[in-house]
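Asks: Pasting the sequence and the predicted coordinates here, then a few questions.
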Amino acid sequence: MRARSLAALLASTALIAAACAPLPLGPDSRVRGPIAARNQHPLALTVLALPPRRAATLARGRTGVELMSVYTSIYESGLGPGERVVFDGEVLRSSATVRQGVGPNTDVELQLAAVYTSSGFLDGFADAFHDTLQFADGGRSRAADDQHDMRLVRNGRTIYEVHEDEVALADVPVIVTHRVLAEDDGTPGVALRAGVELPTGSESAGAGNGGLDWGAGVVIEKNWPRWSITGGVDLVIPSTPDSFAGSGVDLSNVLQLQNGYEYRWTDRFSLLAQLFWTSPMIDDFSLEEISRDVLDVGLGFAVDTSRRSKFTMSFHEDLVAATGPDFSALLAWTWGY
């Protein structure tokens, strides 16, 4: 049912786009995607993510900045022998990313972020959203609205918990990207990247895992006059929080697969669509509310606000409907890349 609803939504969007003739593109039209989204599950926010990006890198000495806020509503609740999983609440993650060109084909980026978790206000909207699109709601319609409870329990012991109404600094990722193949008419652009996440986040507040995370992967892109397609494959090796010690639970290595599409409607405006799959974060729980993969679909747009800056807005939903968030809204302003 969820797949059919998504297909109907995408088909409707395509029909609307076909009915409205796009304006001619000028010589200054530029690539504005992909959406630099990530898995917004509270536990996933404690682990390094390598978000979607272009294979093109910043020129030596050039600087770029991105300010982003993502607001997420999640409801996942399950109970099994010796296990309890509940993630009920809303999460705001705001970040500032600085990207610097350090070589002819290499750039490095660093991100500072803070996370705020609350009971929120979106439950009624999320219920209506799922009903309208006939998406599975994971049982949230049977639960009280606007509550906060986020924790993992193993054999009566809480091994992970997120505090309510508390602002916490997140871990700091540092990612280096090196373009190995420039795009031309016959081949896509290809870049390799590697990253480390520094343990600056509060483990006690559920905003960090207390150790270094490592990751590496490859990104590709291919551009045409109106269309761009991006993709990526990454592997992240996380540290397991000290609070998990003795529970028989570890954070799993995470595989990420990404695929993004951009359609340049005008010289200043693009439509964006994206799929971002991540493998399960934990294999040691039997409950699907924490042990399934996440397939995030994002739909949005980007519009130029100046010659070097853009504004991006997108909405996201987990198509697997087992572990991931129910609904996310992303706002970002980017300058320089």
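Replies: It's in.
Asks: Tell me which stretches of the stretch 201-337 of the chain form helices.
Replies: Here the stretch 201-337 of the chain has its helices, by DSSP state H, counting those that start in this stretch, at 288-291.
Asks: which stretches of it have low pLDDT?
Replies: The stretch 201-337 of the chain contains no residues with pLDDT under 70.
Asks: To what extent is residue 319 buried, counted in neighbours?
Replies: Using other C-beta atoms under 10 Å, the number of residues around residue 319 comes to 18. Bear in mind the C-beta positions are built from the backbone N, C-alpha and C, glycine included.
Asks: ok, what's across the strand from the nearest residue to it once chain neighbours are set aside?
Replies: Nearest non-adjacent residue to residue 319, counting by C-beta to C-beta, 6 or more residues apart in numbering: residue 295, 4.4 Å away. Here residue 295 sits in beta bridges with residue 277, going by DSSP bridges.
Asks: quick one: contacts for residue 276?
Replies: Contact analysis of residue 276 by C-beta atoms under 8 Å, 6 or more residues apart in numbering lists 37-39, 52, 256-258, 295-296, 298.
Asks: neighbours around residue 156, how many?
Replies: Using other C-beta under 10 Å, residue 156 has 7 other residues around it.
Asks: what does residue 162 give?
Replies: 23.
Asks: same question, residue 278
Replies: Other residues near residue 278 come to 25 when the count uses other C-beta under 10 Å.
Asks: I'd guessed it sits against residue 48; true?
Replies: No. Look at residue 278 against residue 48 with C-beta atoms under 8 Å: they stay out of range, at 11.6 Å.
Asks: Which residue ranges of the stretch 1-150 of the chain form strands?
Replies: Listed in chain order, the strands of the stretch 1-150 of the chain (DSSP state E, counting those that start in this stretch) span residues 63-80, 83-103, 106-118, 149-154.
Asks: would you turn those strands into CSV with mean pLDDT?
Replies: Below are these laid out as CSV (pLDDT from 0 to 100):
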stretch, mean pLDDT
strand 63-80, 95
strand 83-103, 96
strand 106-118, 96
strand 149-154, 95
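Asks: What lies in contact with stretch 165-172?
Replies: Here stretch 165-172 makes contact (C-beta under 8 Å, 6+ apart) with 45-46, 48, 93, 95, 110-118, 148, 197-202, 205-209, 213.
Asks: backbone phi and psi for the most centrally placed residue in the chain, please?
Replies: In the chain, the C-alpha closest to the average C-alpha coordinate belongs to residue 38, at a distance of 1.3 Å (C-alpha atoms, centre = their mean). Phi and psi for residue 38, reported as degrees, to the nearest 10, are phi -150, psi 170.
Asks: Can you give me the distance of it to residue 96?
Replies: Look at residue 38 and residue 96: by C-beta to C-beta, to the nearest Å, they are 15 Å apart.
Asks: Likewise for residue 77?
Replies: From residue 77 to residue 96 the distance is 33 Å (C-beta to C-beta).
Asks: now residue 218
Replies: When residue 218 is compared with residue 96 (using C-beta to C-beta), they lie 26 Å apart.
Asks: quick one on the thing from earlier: now for the strands of the stretch 1-150 of the chain, which one comes closest to residue 180?
Replies: strand 106-118 (10.2 Å; C-beta to C-beta).
Asks: Skipping its backbone neighbours, what lies nearest residue 84 in space?
Replies: That would be residue 153: by C-beta to C-beta, 6+ apart, it lies 3.7 Å from residue 84.
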